[in-house]
Structure formats: C-alpha cells, structure tokens
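> what follows is a predicted structure for the sequence shown.
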Amino acid sequence: MAVSKKENPFLLAFLVCLSLFLLLQTSGCCEPQEKGAFKIGVVISLTGVAEPLGRPEKNSIELLEKKINAAGGISGRKVDFLIRDDESEPQRASQLASELLTKNKVSAIIGGSITSCTMAMIPIAERNKIPLVSCAAGTDITTPPRKWVFSVAPPSSLVVEKLLSYIQENQEKNKIALLYDVTAYGATAVNELETKAQERGITLVSKESYGSADVDMTRQLRKINATDAQVLIIWGTNPGPAYIARNARDLGIDIPLIGSHGIANMDFIQLAGSAAEGVVFPAGRLLIPEAIPKETKQRAMVEEFREEYRRAYNEEISTFAAHGWDAGLIVTEAMKRAGGDPKKLRDEIEETRELVGVDGIFSISKTNHCGLKLEDLVMLKIKDGRWTLGE
C-alpha cells in the first residue's frame, strides 16, 4: 500500500526510533545496571533443639549481608541471603533446600546447623549440582570429600584428636566415659572416639546415650559413676550438655567433664549455671582472641567481627556465629570470581586458599572440603562464668 507524502515524516521518524531502539538492544546499553541480586539459600535451625546454634548463625549471616551490600555488593549486584528455618528437622531441611532451588533459583545453599539436617540436604545438592556449605561438624559431611559439599565447622575427627591429646598429655588419664546425643553428630563422635582412643591406648570404659530433648540424664550418669572412668566426655549441643553438667554436680560426680565443640557458646554457661565451672572443651581460637598471635590477619578479623557483632546484637560471639560468617564469606569470596553460576562457584570454593575467617584460616582442596587444621583449635576452660585457656 502506498504511503502519502503527508505521512512520510511520521513514518521516517518511526523508522529512526525503531533503528535506534534495536541498536541499543544489541549493544547492551539498555540493560539495567542492576541485573538482580545474587541469591544464596540458607537453611538453618531457628527453632527446635538446635536453635542455640541457628540463631547466632542467622545473626552473623545478616551482618555479612549488610556489610557486603553497603560496600556495593559483588560486581555491582546485591547479595541476598534467603534464610529459612528447618525447625531442627532433617525432613524440613530437605524440603526447604528443594524449594530454594526450584522457586528461588539460588546459586548455593548454606546449612544446616546440625549434622542430620545437612545430611538430609546432601542428596539434593548432589542431584542438582549446587554447592552446599554446611555449618555442622559431623565428620561424614566432608569425609570422604563429596564434590558439591563443603563445611566450615571443625570436623569431629579434628576435635576428637584435640580432645584425646589433652586428656592423655595434659591430664595424664587413660580411662574415659562417653555420654553422647543420639544424633548424626553424636554417632560420628562414637566412631571417632572408639577408633582414636584405641590408637592412643585409651580405654573407653563406659558409653551411654541420651535424646536431644531429654532434660534428665541421672540414670546414665549413675551407670558411668559406677565405673572406674577418670574423665567424662559429653558430646552434644545445648541444651543437653548443660543438663548433664547440672545432673553430674547434683550426683556429686567429681571426675573432669570435657565437652565437645557443641557447647562453644554462652548458652551452655547460662543454662548450666555454677555446674559449668571447670568444664573443658575444644573450640576455635575466636573465643579467646588473645590466643591468636598479635599482628596477624586472623587476630584482626576476629577482633573486628567481635566488635561488629557486639554492636549489632549486644551479645558475645560464639563458635556458631563464626560458622555462619565463615560459610557466607567462603561463598561470597568465591562468587567474586565465579559469579552466580553454581558449577563455576563450586570450582572456586574448592580453590579457596589461605582465606582468613573467624573459625580459622581456610585452605580448601579436592581432598579437604573443610579447610581447617588441628592448629586452629584450642582447649578452653570455664572459670568464673567465662572462657579461659585450658592448655
């Protein structure tokens, strides 16, 4: 159909605008500067028995998010940690991990707070080929290494080694009793303790268990007290170990109590009260910054983190706060190099070397998906309601 001369100016203007629009589209100039936030899923325990772990993890992850975004994000894009509560239930953790992948299209997942919830999410991470960085400490999480799974907590294997070394070399004892939580975290401890104690010539004379929701372990403690155990190892996360400490005091049990790194927060001291006095446990150096050499990057990192955490939440840092921070740090540092592609992100997490965290200095590799070492742990002793060096 012919176009009249009167209409030509309008047609010409339309064609010029269309050409400019197409040119801008193909050159990318019309793309918004903000492509959308990098999304990282977080599945931790904000309610249920593991709430004392998940709450400080949430606090530190939110603190890290604010800090990164206040500095301009990553490559000009915000970081969005999508935090979900697994209610301390493995089945719920699995469900939430699936939802974060299918509905929210996250690039990685952080969690869980406890070993059982982490183990429930591992098949999902492996099936969907997405990095999972756990805050839990079960040895089975990263031993043997799983391609898509990492952890920031010192694994139980390291902690048991540190604990037994202390019992044998500092306390000069060779007969131990174990009272452990019947969770995946506790089961790992049993296997590690039995194997490593035998290697060291230490005898496990009694082995008792308790449920995560139990509040009275008097029956188990009476059995242990009837043996010739010289040390009682309590393996679990709060509140159980605090109840055990109180029960042991009430029964007049006077052998040393040694906890796992599962009691490395002020909740244990608050729940156990005076029964916490004298309890020894292995943990990261962050709880006693003075144990970290001066003028080192980790000392500066821990002191800065402690100050920021205190200012934001009006409470002391804990091992679990450190786990949340370090998990977020490892993922976001890798994201600076890899972007949001899960495969590239996984590869860059595995290339993490000498990354200064709060828990320690992380060097991850194909054969080590935790990255911490024995030297990152110290033995702490509770004295006058405070943490002190126990070595």
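Done, it's in.

> can you give me the helices in the stretch 251-391 of the chain?
Per DSSP state H, counting those that start in this stretch, the stretch 251-391 of the chain carries helices over the ranges 266-272, 297-313, 319-338, 342-350.

> using a markdown table, please lay out those helices together with mean pLDDT and mean neighbour count.
For every residue, glycine as well, the C-beta is placed using N, CA and C. Shown next, in a markdown table, are those (pLDDT from 0 to 100; neighbours: other CB atoms under 10 Å):
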| stretch | mean pLDDT | mean neighbour count |
| --- | --- | --- |
| helix 266-272 | 94 | 21 |
| helix 297-313 | 96 | 16 |
| helix 319-338 | 98 | 25 |
| helix 342-350 | 98 | 19 |
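
> of all these, which one is nearest residue 104?
Nearest of the helices of the stretch 251-391 of the chain to residue 104, taken as CB to CB: helix 342-350 at 13.0 Å.

> and the closest one, what does it pack onto?
Using 3 or more CB pairs under 8 Å, 6 or more residues apart in numbering; DSSP states H and E as the contact test, the elements touching helix 342-350 are helix 319-338.

> dump the helix it packs on to PDB, restricted to CA.
This file holds the C-alpha atoms of helix 319-338, laid out as PDB (Å, rounded to 0.1, in the frame of the first residue of the first chain):
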ATOM      1  CA  THR A 319      31.500 -20.700  67.600                       C
ATOM      2  CA  PHE A 320      28.200 -20.800  65.800                       C
ATOM      3  CA  ALA A 321      28.200 -17.100  64.900                       C
ATOM      4  CA  ALA A 322      31.600 -17.800  63.400                       C
ATOM      5  CA  HIS A 323      30.300 -20.700  61.400                       C
ATOM      6  CA  GLY A 324      27.600 -18.500  59.800                       C
ATOM      7  CA  TRP A 325      30.000 -15.700  59.000                       C
ATOM      8  CA  ASP A 326      32.600 -18.100  57.500                       C
ATOM      9  CA  ALA A 327      30.200 -20.000  55.400                       C
ATOM     10  CA  GLY A 328      28.800 -16.800  53.900                       C
ATOM     11  CA  LEU A 329      32.400 -15.500  53.500                       C
ATOM     12  CA  ILE A 330      33.600 -18.500  51.600                       C
ATOM     13  CA  VAL A 331      30.600 -18.500  49.200                       C
ATOM     14  CA  THR A 332      30.700 -14.700  48.500                       C
ATOM     15  CA  GLU A 333      34.500 -14.600  48.100                       C
ATOM     16  CA  ALA A 334      34.200 -17.400  45.500                       C
ATOM     17  CA  MET A 335      31.300 -15.600  44.000                       C
ATOM     18  CA  LYS A 336      33.500 -12.600  43.300                       C
ATOM     19  CA  ARG A 337      35.500 -14.800  40.900                       C
ATOM     20  CA  ALA A 338      32.800 -17.100  39.600                       C
END
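
> gap between it and the chain center?
Relative to its chain's centre, helix 319-338 lies at 9 Å (CA atoms, centre = their mean, to the nearest Å).

> and stretch 223-236, which residues are buried?
224-225, 229-236 (16 or more other CB atoms under 10 Å).

> so which of these sit within helices?
Among the buried residues of stretch 223-236, DSSP state H puts 224-225 in helices.
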